[in-house]
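Visitor: how does the following fold in three dimensions:
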Amino acid sequence: MSAIGRIARRYARGLFGIDKGDIARAKARRETLAPVVELFNNPEAARVLRNPVMPAGLKKDLLAYALNEGNADLSVQNLLKTMVEEGRVNAIPELVEAYSELIDIAEGVAKADLVSAVALPDADVQAIGSQLGQILGKKVEIRASVDPKLLGGFVAHVGNYKIDMSLRTKLDGLAASAAQDSLR
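Guide: Purely as a prediction, here's the structure:
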């Protein structure tokens, strides 16, 4: 994990600690951060926010506008203001992501990235998510994507877990096994 990621996680834990286990309040606070994320998704605004030469006052004004749009509470406003003053604006998007992860952990939700060779029907994606949920003992939310290099099957990533059911991996395994057998 990068230094920015570690910093963002610390800020996220502090913000989450303010919620004192109130998940509904934490989710509402996360919604107030959505306009801030949109600022970082806007190329012009992101260029200003990420540029170390730009004045801190301008960055604060941009963030204040987004926070007002989201009706952010004073604790969020003060946190982001402090991050600007400390020169940690680049950590804000990761802060929001880390904060969302803390909410998911508290709710027992895991995010899974499912990559398949072809687009899978929704029913298959849901079935895979259900199976992963049973294995992990959590509710699993799937983000599906396609990678034709897999040739067939799928690869699922959930946290530190990887389930590789791709044809490419199976063929690579057979090739490695055949190469070892030929050396004997």
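
Visitor: how is this structure carved up into domains?
Guide: By the record's domain assignment, the chain is partitioned as 3-105, 109-183 (automatic domain parsing).

Visitor: those domains into TSV, with extra columns for mean pLDDT?
Guide: Rendered in TSV, the data for the domains of the chain read as follows (pLDDT from 0 to 100):
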stretch	mean pLDDT
domain 3-105	90
domain 109-183	84
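
Visitor: now those domains as TSV including mean neighbour count?
Guide: All C-beta atoms are positioned from the backbone trio N, CA, C, and that covers glycine. Compiled in TSV, the domains of the chain are given as follows (neighbours: other C-beta atoms under 10 Å):
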stretch	mean neighbour count
domain 3-105	16
domain 109-183	14
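
Visitor: thought Asp73 was touching Arg29?
Guide: Yes. Here Asp73 reaches Arg29: they are 6.9 Å apart, a contact under C-beta atoms under 8 Å.

Visitor: state the helix or strand in which the residue nearest to Leu132 when sequence neighbours are not counted lies.
Guide: In space, Leu132 comes closest to Val140 once its chain neighbours are excluded; the distance is 4.6 Å by C-beta to C-beta, 6 or more residues apart in numbering. Taking DSSP states H and E as the definition, Val140 sits inside strand 139-146.

Visitor: give me every residue that touches the residue nearest to Leu132.
Guide: Contacts for Val140 were tallied using C-beta atoms under 8 Å, 6 or more residues apart in numbering; they are 109-112, 129-130, 132-133, 158.

Visitor: distance-wise, check it relative to Val48.
Guide: 38 Å (C-beta to C-beta, to the nearest Å).

Visitor: how much space is there between the spatially most central residue of the chain and Glu85?
Guide: In the chain, the C-alpha nearest the mean C-alpha coordinate belongs to Glu97, at 5.0 Å (C-alpha atoms, centre = their mean). In this structure, Glu97 lies at 22 Å from Glu85, with C-beta to C-beta as the measure.

Visitor: equivalent analysis for Gly159, please.
Guide: Applying C-beta to C-beta, one obtains 34 Å for the distance of Gly159 from Glu85.

Visitor: all set, thanks.
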